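Asks: How does the following fold in three dimensions:
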Amino acid sequence: MAESIAASCRYPYSFLAEEWDDINIWQRLVRGKLFDLLSYNPPRTALNPKLIKTFEHDGVHIELLSWDQPYGPPTEAYFLKPLEAGKDRSRKDRNRKEKPGKEKLPAVLALHDHSGFKYYGKEKLVSLPEEHETLRELKACAYEGASWATRLAKQGYAVLAHDLFLWGSRKMLTDEIPAEFTAALNGKEKGSREYIEAYNSFCGEHESMIAKSLFMAGATWPGVMLYEDMRALDYLLGRDDVDPERIGCGGLSGGGERTIFLSGMDSRIKCAVCAGFMTTFSQTVRHNISHHTWMFHLPRLSNLMDLPDLVSLSGGIPLMVQFCEDDPLFAIKGQRESHEKLHRIFKKMGEPDLYSGRFFPGGHRFDINMQDIAFDWFDCWLKDIP
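Replies: Numbering: from 1, shown residues only. Prediction:
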């Protein structure tokens, strides 16, 4: 039944539908409908950003900081920039319009993955003086051992990597959860491999309960996700060392999903790289639904549009999508269909050169070659500009 329903979806709010030709009208109208579906409108809450500590590591300046959320513990984040940043602007930058003084850097929101690993979030992307062995193992599998936020900061970017709802500093507080659900954690030392693995298993087993609770409360998981990522963008735009006109975002897997929602729904993002997360809903229902997190599920979205339509709500900003040909999470047919649809959307928008879809042999990952290609894309649109 679900396959038949998914196959019958006509996606009337895709920009490819014949009634749409004005990008701005389409974008405003459809974003409004999407915000209604996302259904997360928490009370207005000041960010209250706090600097926890600063240090230098692996060639970059790092700030550990936090900001408040309407519910739950504060979000913690790492802000990175090159060690030489903040000095007076050099002669080579005189052609830019800003007055001499503190350099404003291009910036990227580095969005961490899901990976079934919720004990850590931002740490998956940042090189730190002491890394738990479980983090090193995850990086070896997903990122070819690299900390891509640190690699990008070394190349002249301000980079912000923050914890999302249920990861890292935003993880579930097990002391506040009924003991019947947390028995597997008993007797294990917090921070040990045994505890981390048990905690990640506990989170995976109860994702459906979290999703059902949010739905019953009148909210959605993607709504919480987008809100928190937009709040990180609020923080980034408040810094005097960041150029507000040169901000991008990117991530692998769950970070790719976050890229789709954030770039599609927030015009402050000027460039995006989505790695290992693009398909069509019909192919997901047919082949891959069992592999995906509840974080991916927004009820009734398919009545409006498909996944490539959602990211195109950016209105035609530079977008690179990196596809993994042997990815067990995404059927290759769905990947190719979404790639072709994005080509047609950007062509109709009059900006065919602003979309780049790249296919890579192999499984689900964002390896060093893919990172380098992504960095070149950021350079093209955020750095190498007049």
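Asks: where's the nearest residue to Gly357 once chain neighbours are set aside relative to Val321, distance?
Replies: Distance criterion Cβ to Cβ, 6 or more residues apart in numbering; nearest residue to Gly357, sequence neighbours excluded, is His339 at 4.2 Å. In short, each C-beta sits where N, CA and C put it, glycine included. According to Cβ to Cβ, to the nearest Å, His339 and Val321 sit 7 Å apart.
Asks: can you check Arg300 too?
Replies: Taking Cβ to Cβ, one finds Arg300 at 24 Å from Val321.
Asks: Which of these two has more residues huddled nearby?
Replies: Remark: of Arg300 and Val321, Val321 carries more neighbours, 25 against 9, as counted by other Cβ atoms under 10 Å.
Asks: Hmm, that one is touching Thr279, no?
Replies: No - between Val321 and Thr279 there is no contact under Cβ atoms under 8 Å: 10.4 Å.
Asks: any shared contact partners between those two?
Replies: The contact sets of Val321 and Thr279 overlap at Ser338 (Cβ atoms under 8 Å, 6 or more residues apart in numbering).
Asks: Tell me the residues that contact both of His339 and Val321, please.
Replies: Met278, Gly357.
Asks: Identify the residues contacting stretch 178-186?
Replies: Taking contacts as Cβ under 8 Å, 6+ apart, the residues outside stretch 178-186 that touch it are Thr174, Tyr195, Ala198, Tyr199, Ser201, Phe202, His206.
Asks: er, stretch 203-213 actually
Replies: Gly116, Lys118, Leu166, Lys171, Met172, Phe181, Trp221, Thr293, Trp294, Met295, His297.
Asks: buried subset of these?
Replies: Taking 16 or more other Cβ atoms under 10 Å as the criterion, what is buried in these is Lys118, Leu166, Lys171, Met172, Trp221, Thr293, Trp294, Met295.
Asks: who's in contact with the fifth one?
Replies: Trp221 makes contact with Ile210, Ala211, Leu214, Trp294, Met295, His297, according to Cβ under 8 Å, 6+ apart.
Asks: Mind doing that once more with 7 Å?
Replies: By Cβ atoms under 7 Å, 6 or more residues apart in numbering, the residues touching Trp221 are Ala211, Leu214, Trp294, Met295.
Asks: Out of those residues, which two sit at the greatest distance?
Replies: By the measure Cβ to Cβ, Leu214 and Met295 form the most distant pair in these, at 10.3 Å.
Asks: State the pLDDT value of Pro178.
Replies: Pro178 carries a pLDDT value of 72.
Asks: Provide the secondary structure category for Pro106.
Replies: strand (DSSP: H, G, I helix; E, B strand; the rest coil).
Asks: my read: it touches Cys380, true?
Replies: No - judged on Cβ atoms under 7 Å, Pro106 makes no contact with Cys380 at a distance of 11.2 Å.
Asks: returning to that earlier point: for the residue nearest to Gly357, helix, strand, or coil?
Replies: helix.
Asks: pLDDT weak spots in the stretch 151-300 of the chain?
Replies: 176, 179-180, 287, 289-290 (pLDDT under 70).
Asks: mind listing the helices for it?
Replies: Ranges of helices in the stretch 151-300 of the chain, per DSSP state H, counting those that start in this stretch, are 193-205, 207-216, 221-237, 254-265, 281-283.
Asks: Minimum distance to Tyr11: which of those has it?
Replies: Proximity to Tyr11 (Cβ to Cβ) singles out helix 281-283 among these, at 8.9 Å.
Asks: Output the contacting helices and strands for the lengthiest strand in the chain.
Replies: What stands out as the longest strand in the chain, according to DSSP state E, is strand 242-252. On a contact count with 3 or more Cβ pairs under 7 Å, 6 or more residues apart in numbering; DSSP states H and E, strand 242-252 meets strand 105-111, helix 221-237, helix 254-265, strand 271-275.
Asks: and the next element down the chain from the first one?
Replies: Past strand 105-111, further along toward the C-terminus, the next helix or strand under DSSP states H and E is helix 133-143.
Asks: Same question for that following helix: list its buried residues.
Replies: Those would be Thr134, Leu135, Leu138, Lys139, Ala142, Tyr143, for helix 133-143 by 16+ other Cβ under 10 Å.
Asks: I'd like to know which elements it is packed against.
Replies: Counting by 3+ Cβ pairs under 7 Å, 6+ apart, helix 133-143 packs on helix 193-205.
Asks: contacting residues for Lys171?
Replies: Lys118, Tyr119.
Asks: how close does it sit to Asn48?
Replies: 20 Å.
Asks: same question, Ile373
Replies: For Ile373, the distance to Asn48 - Cβ to Cβ - is 38 Å.
Asks: higher neighbour count, the two?
Replies: Ile373 (16 against 9).
Asks: So that one, which state does it fall into?
Replies: With three-state DSSP as the basis, Ile373 sits in helix.
Asks: So it sits against Arg358, correct?
Replies: Yes - if you go by Cβ under 7 Å, Ile373 and Arg358 touch, sitting 6.4 Å apart.
Asks: on that earlier part again, show me what contacts the residue nearest to Gly357?
Replies: Val321, Phe323, Gly357 are the contacts of His339 under Cβ under 7 Å, 6+ apart.
Asks: from memory the last one sits against Glu340, does it?
Replies: Okay, so that is Gly357. No - applying Cβ under 7 Å as the test, Gly357 and Glu340 come out as separate, 8.7 Å apart.
Asks: ok but Phe323 is inside a strand, no?
Replies: Yes - counting by three-state DSSP, Phe323 falls inside a strand.
Asks: quick one, what contacts Gly315?
Replies: Ile23, Gln27.
Asks: let's see 10 Å
Replies: Phe15, Ile23, Asn24, Trp26, Gln27, Arg28, Arg31, Ser263, Gly264, Ser267, Met349, Glu351 (Cβ atoms under 10 Å, 6 or more residues apart in numbering).
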